[in-house]
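In: this is the structure alone, sequence omitted:
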């Protein structure tokens, strides 16, 4: 029997602004931790009163440089407390802070610098200065360059100042309160540049209302304890981290711990035990790999108990996903097994107190979601854009489905165009796109509808399913439309496959480029009786190739004939933003992949080139 679909809770942001909320926290919770830099012995923590005081001091210093309302500030530094403080200081002055991705090329930095017309640039140290130096000399309106590390300041150029110089004096409390109250909910707050998968990035301008509604919406839909603990581990150029790492903790008076090195996320999770965690699919895939390795090392008797508990957890998860009630007996059995068996497994990876686990930015393989659900960790998919301040649809424990990305949040409307494109309207939709002259171009039509560029559908429970990006659909030579992300998600469900790109636009059939997940390889080898010493060249190991053949065959088994992958090529990896195949958000750069791996692609549609590894056919190819 299907359970009733609960209504979405309402969200009323009133006249709240980020500046007023920061003041509220400093006065209502002065001694509570707000921001911790790192998890090691050298970690430092700022309370809410300290965070606001440092913000006030820097705002005073930046005002002395002439920074004023409506101007733009570019920030290029790692995730460190000064990054947060710089952002918030700019907000108090009414300036728009922007953090470009640190993986941008010089030409891309040049575009952002020219387009933003920034008057102040804040850099961390010598490395950032080296990368930005060719651009800084071309910025005609640039008044000052602030360096956090004093040793990096060039001699003899009066435009360069240190962060320490700007934070020596506190402003008058009354004057800072006046700045605090100047902003309104519709005042522009920040600029987020899109990752530019189909051309130059756009500068998305978000308001106080946008980010506060987004923050309160998520907190209403999937509640967490008061003053929640979270970890900032994604780039602050990413819309998700900008909201979850800066603005949402201000709304909830939470405690953020900075994890600057993604490789240290696993240890940070164990140290912090966060109440909430958002990750792109790759984050959850890596956590699943680590959990699989831990399970593989269990003694037989313990492993059998874990298997029973995991089977029960997955059964419960599948019933809930289908919108069906969980029988009382099964629910009771799951609760007991979770307390005794699964909770310690989650504690071992630092997620035993995680009340809100979300995945977004790209499709996540359903096999990964089910594996994590088998640990008692339900990860819920969300969907949105920079233009929607992050998540516009949210899956919740009450209403979700495998493969769906949730229902529109409170106050958000969604409709489907004639070609399947999804349109959104509501308080999270951005104010517009920044123009080089400082004005705004509208992002919506006259009725407030934002074209998302995503193709999808809405089911009878209100759940949204994303088929693909409108501009990324594969149209075969036979005129068939194919969604590549579905194929890629099926392939990445295999633990050995770290990245997959479906190929086939204007081609006779579909092929795929695959990259191994090197982190998962040792665990897979042990589980399959393969000596790790034999994997110096895993791409040529027969067991690895047989596993990939099987992975492709399993994907083909659930695909229509026209979608099935006829051949694949295994390429060296990993794919990263630096190697060119991924955007800073870790989405595929399809045009770049086609150019970088043109030879490999052509080898699957014609005779193999001499000296290259042969293209692998699917184990049971269809004609």
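Out: Done, it's in. These numbers come from a predicted model, not from an experiment. Numbering: from 1, shown residues only.
In: what are the ranges of the helices in the stretch 501-623 of the chain?
Out: 521-527, 542-557, 590-596, 598-603 (DSSP state H, counting those that start in this stretch).
In: the stretch 151-300 of the chain too?
Out: With DSSP H, counting those that start in this stretch as the criterion, the stretch 151-300 of the chain has helices at 163-166, 173-182, 208-221, 239-241, 248-252, 265-272, 281-296, 300-321.
In: any chance of TSV for those, columns distance to residue 566?
Out: The way it works is simple: take the backbone N, C-alpha and C, and place the C-beta from them, glycine included. TSV is the format used below for the helices of the stretch 151-300 of the chain (distance: least, CB to CB, whole Å):
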stretch	distance to residue 566
helix 163-166	57
helix 173-182	62
helix 208-221	42
helix 239-241	36
helix 248-252	46
helix 265-272	37
helix 281-296	26
helix 300-321	32
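In: closest one to residue 600 among those?
Out: Judged by CB to CB, the one of the helices of the stretch 151-300 of the chain that comes nearest to residue 600 is helix 281-296, at 22.2 Å.
In: a markdown table please, covering the helices of the stretch 151-300 of the chain and showing mean pLDDT and mean neighbour count.
Out: Converted to a markdown table, the helices of the stretch 151-300 of the chain look like this (pLDDT from 0 to 100; neighbours: other CB atoms under 10 Å):
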| stretch | mean pLDDT | mean neighbour count |
| --- | --- | --- |
| helix 163-166 | 96 | 17 |
| helix 173-182 | 94 | 14 |
| helix 208-221 | 96 | 25 |
| helix 239-241 | 94 | 23 |
| helix 248-252 | 97 | 24 |
| helix 265-272 | 96 | 18 |
| helix 281-296 | 90 | 20 |
| helix 300-321 | 95 | 16 |
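In: which one of the ones you listed lies nearest to residue 445?
Out: Shortest separation from residue 445 across the helices of the stretch 151-300 of the chain is recorded for helix 208-221, at 18.2 Å, computed as CB to CB.
In: list of residues touching the closest one?
Out: For helix 208-221, the external contacting residues (CB atoms under 8 Å, 6 or more residues apart in numbering) are 8-11, 13, 16-19, 21, 183-187, 189-190, 242-243, 247-248, 251-252, 356, 389-391, 394, 396, 409-411, 427-431.
In: care to break this protein down by domain?
Out: Per the record's domain assignment (automatic domain parsing), the chain is made up of the domains 18-183+225-274, 278-468, 473-617.
In: now those as JSON lines including distance to residue 207?
Out: What follows is the domains of the chain, written out as JSON lines (distance: least, CB to CB, whole Å):
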{"stretch": "domain 18-183+225-274", "distance to residue 207": "9"}
{"stretch": "domain 278-468", "distance to residue 207": "5"}
{"stretch": "domain 473-617", "distance to residue 207": "22"}
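In: for residue 202, find the nearest of those.
Out: Set against residue 202 and scored by CB to CB, these come closest in domain 278-468, at 4.9 Å.
In: measure residue 175 to residue 28 for me?
Out: Computed as CB to CB, to the nearest Å, the residue 175 to residue 28 distance reads 22 Å.
In: and if you look at residue 331?
Out: Residue 331 sits 39 Å away from residue 28, going by CB to CB.
In: looking at those two, which one has more neighbours?
Out: When neighbours are counted by other CB atoms under 10 Å, residue 331 and residue 28 differ, and residue 331 comes out ahead with 14 against 10.
In: contacts only, for the more buried one.
Out: Residue 331 makes contacts with residue 316, as judged by CB under 8 Å, 6+ apart.
In: for it, grab phi and psi.
Out: Note on residue 331: its backbone torsions stand at phi -60, psi -40 [degrees, to the nearest 10].
In: what's the per-residue pLDDT of it here?
Out: We note a pLDDT of 96 for residue 331 in this prediction.
In: give me the distance between it and residue 316.
Out: 7 Å.
In: residue 95 now?
Out: Distance of residue 95 to residue 316, computed by CB to CB: 50 Å.
In: same question, residue 231
Out: Plainly put, residue 231 is 27 Å away from residue 316 if you go by CB to CB.
In: what's the answer for residue 468, then?
Out: Applying CB to CB, one obtains 31 Å for the distance of residue 468 from residue 316.
In: circling back to that earlier point, and residue 194, which of the domains of the chain is closest to it?
Out: Using CB to CB as the measure, domain 278-468 is the one of those that comes nearest residue 194, at 5.3 Å.
In: out of the domains of the chain, name the one with the poorest average pLDDT.
Out: For the domains of the chain, the bottom mean pLDDT is recorded on domain 473-617, which sits at a mean of 83.
In: residues making contact with stretch 46-59?
Out: Counting contacts by CB under 8 Å, 6+ apart, the residues touching stretch 46-59 from outside are 22-23, 25-27, 29-36, 81, 84-86, 88-90, 92-93, 163, 166-171, 176, 179, 253.
In: quick check: strands, which of these are part of them?
Out: Secondary structure from DSSP state E places 33, 34, 35, 36 of the contacts of stretch 46-59 in strands.
In: before we move on, the earlier item: buried subset of the contacts of helix 208-221, written for ChimeraX?
Out: Buried members of the contacts of helix 208-221 can be picked out in ChimeraX with the line below, counting by 16 or more other CB atoms under 10 Å:
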select :8,11,13,16,17,18,19,21,183,185,187,189,190,242,243,247,248,251,252,356,389,390,391,394,396,409,410,411,427,428,429,430,431
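In: picking up where we left off before, quick one: which of the helices of the stretch 501-623 of the chain is nearest residue 76?
Out: Closest approach to residue 76 among these is made by helix 590-596 (23.1 Å; CB to CB).
In: what's the end-to-end length of stretch 587-598?
Out: End-to-end distance of stretch 587-598: 19 Å, with CA to CA, to the nearest Å as the criterion.
In: list the buried ones in that stretch?
Out: Using 16+ other CB under 10 Å as the test for burial, stretch 587-598 gives 587, 588, 589, 590, 592, 593, 596, 597.
In: again with stretch 127-139
Out: Neighbour-count burial for stretch 127-139 flags 128, 129, 131, 132, 135, 136, 139 (criterion: 16+ other CB under 10 Å).
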